[in-house]
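Colleague: Model the structure of this input:
(one chain, ligands or ions: 2)
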Amino acid sequence: MKEVKEFDESKTGVKGLSDSGITNIPRIFIHAPEKISGENSVGIPVIDLSDVQSPDKRPAIVEQIREAASIWGFFQVINHSIPLSVLDEIITAIKRFHEHPQELKAESEAATWHDYVSVWLSPPDMAPPADRIPTVYRRELAVWDKHAAEMGSVVAELLSEGLGLDSKRLKQLSLLETRIFGGMYYPYCPQPDLTVGLSDHTDPGVLTILLPNQVWGLQVMHEGKWVDVKPLPGALLFNIGDFLQIVSNGKYKSVQHRVLANPKKEARISIVHWFDVGNWGDSDEHGPLPELILPEKPAQYRRFTKQEYLENFYSKGLDSKSLVAKLKL
Ligand SMILES: O=C(O)CCC(=O)C(=O)O
Ligand SMILES: [Fe+2]
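Modeller: Ligands and ions are numbered 1, 2, ... in the order given. Alright, predicted model coming up:
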């Protein structure tokens, strides 16, 4: 604990350790072998959205999304409407931010020394005023968020249709109203066989968009094996969170994923956009949608309140029980 505390207080982050040229990682970072190794293969479903507005072609796309969300919980989307320049600019801005000298980082109160930044973008009462967002990525973040929010809603409509519901159903439940941005930095690791970049976990929220740079590292659990995700250039990755697994009564899966330590000299950057439920009153409850509870498919989870959800969200250490496991009937 003393060593962890000292590392925390140094505020240099893992990047600082990497920059200092260490060849042996401190023992506090060493993980059990089973947390790192695993048989693996490559590839998750790829969904081409070029014809998403065509009434003839849309049903086939809905079917692909439904299958990917049910079997993999993860998919990559190509030919989406976000210009490649927008993707490049947010990745570059976050890289530049993390690589800034420490004094410039002090401009932000974000936990930059923990190798990631995170910013609430909505609802408005949770979002910081624009002038509190560091200038290094302020403009790029605003542009990226606008596009990411739109893409989230395009995919949420397809996911709604895949459940046999009206396309607006998930949105009407305000399931996408909270948006949180994350800018992760995974520096070069001299002993990638002893540690991980990010421990295995499921995402607690509704839906996540991931935009990694071209340095590999993400793995997704599929049929008991770790699968390497190789993002196609310009693709966006989507994954289902615990909340949506519950609301969909288990039709969509929130799957375990992790990031391996980075063996490359080039840093791995990953942009993350978490969508989560927005305004719900303290006494409101969520649970499997009534339309999805059928005699042959009874409710798989019990309903839960905002308080239960938030308590789980904030107490969920990366290894602790997910919401899904807690609510399972
Ligand atoms: O860095 C990545 O690609 C994954 C990040 C992630 O899974 C998360 O932040 O929830
Ligand atoms: Fe995640």
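Colleague: can we go C-alpha only for contacts and neighbour counts from here?
Modeller: OK.
Colleague: Would you state the strands of the stretch 1-150 of the chain in chain order?
Modeller: Counting by DSSP state E, counting those that start in this stretch, one finds strands in the stretch 1-150 of the chain at the ranges 40-42, 46-48, 74-78, 116-122.
Colleague: Which of those strands sits closest to residue 243?
Modeller: Residue 243 lies closest, by Cα to Cα, to one member of these: strand 74-78, at 14.8 Å.
Colleague: Paired strands for the closest one, with orientation please.
Modeller: strand 46-48 (parallel), strand 236-240 (antiparallel) (DSSP bridges).
Colleague: just the ones you listed: most buried one?
Modeller: Here the criterion is mean neighbour count by mean count of other Cα atoms under 10 Å, and of these the winner is strand 236-240, at a mean of 24.
Colleague: Is it in proximity to ligand 1?
Modeller: No: Strand 236-240 is not in contact with ligand 1 by Cα under 6 Å from any ligand atom; minimum separation 8.9 Å.
Colleague: hang on, isn't residue 293 packed against residue 287?
Modeller: No: assessed by Cα atoms under 8 Å, residue 293 is found out of contact with residue 287, at 10.4 Å.
Colleague: quick one: residue 257 and residue 224 touch, right?
Modeller: No: when contacts are counted by Cα under 8 Å, residue 257 is not listed as touching residue 224 (11.7 Å).
Colleague: Tell me the secondary structure at the closest residue to ligand 1 within the stretch 51-200 of the chain.
Modeller: The stretch 51-200 of the chain approaches ligand 1 most closely through residue 184 (6.0 Å), counting by Cα to the nearest ligand atom. Under DSSP: H, G, I helix; E, B strand; the rest coil, residue 184 falls in the strand class.
Colleague: show me what contacts the closest residue in space to it that isn't next to it in sequence?
Modeller: Distance criterion Cα to Cα, 6 or more residues apart in numbering; nearest residue to residue 184, sequence neighbours excluded, is residue 116 at 4.3 Å. By Cα atoms under 8 Å, 6 or more residues apart in numbering, the contact set of residue 116 is 182-185.
Colleague: rerun at 6 Å
Modeller: Applying Cα atoms under 6 Å, 6 or more residues apart in numbering, we find residue 116 in contact with 183-185.
Colleague: where's it relative to residue 197, distance?
Modeller: The gap separating residue 116 from residue 197 is 12 Å, by Cα to Cα, to the nearest Å.
Colleague: now swap in residue 242 and tell me
Modeller: 22 Å.
Colleague: again with residue 148
Modeller: With Cα to Cα as the criterion, residue 148 and residue 197 are 24 Å apart.
Colleague: Could you do residue 5 as well?
Modeller: Following Cα to Cα, the distance that separates residue 5 from residue 197 is 19 Å.
Colleague: These two - which one has more neighbours?
Modeller: residue 197 (22 against 9; other Cα atoms under 10 Å).
Colleague: quick one: contacts of the strand or helix carrying that one?
Modeller: Here residue 197, judged by DSSP states H and E, is contained in strand 196-201. Strand 196-201 is contacted from outside by 256-261, 318, using Cα under 6 Å, 6+ apart.
Colleague: With distance to residue 214 added, can I get those in CSV?
Modeller: As requested, the contacts of strand 196-201 are exported to CSV (distance: Cα to Cα, whole Å):
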residue, distance to residue 214
256, 21
257, 18
258, 16
259, 14
260, 14
261, 15
318, 25
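Colleague: Flag the shaky bits of this structure, pLDDT-wise.
Modeller: Residue ranges of the chain with pLDDT under 70: 101-114, 315-321.
Colleague: Which of the helices or strands spans residue 258?
Modeller: Using DSSP H and E, residue 258 falls in strand 257-260.
Colleague: Now do the buried residues in whichever helix or strand comes after that strand.
Modeller: Following strand 257-260 in sequence order, the next helix or strand is strand 268-276 (DSSP H and E). Across strand 268-276, burial judged by 16 or more other Cα atoms under 10 Å covers 268-276.
Colleague: so what strands line up beside strand 268-276?
Modeller: strand 178-186 (antiparallel), strand 207-212 (antiparallel).
Colleague: How about the protein: which residue is closest to ligand 1?
Modeller: Scanning the chain for proximity to ligand 1 using Cα to the nearest ligand atom identifies residue 270 as nearest, at 4.8 Å.
Colleague: what is residue 286 paired to in the beta sheet?
Modeller: As for beta bridges, residue 286 partners with residue 304 under DSSP bridges.
Colleague: What separation do you get for it and residue 183?
Modeller: Going from residue 286 to residue 183 by Cα to Cα gives 29 Å.
Colleague: With neighbour numbers in mind, choose between the two.
Modeller: residue 183 (24 against 17).
Colleague: Can you tell me the centre-most residue of this protein?
Modeller: residue 208 (4.3 Å; Cα atoms, centre = their mean).
Colleague: check contacts around that residue.
Modeller: Counted by Cα under 6 Å, 6+ apart, residue 208 has contacts 238-239, 273-275.
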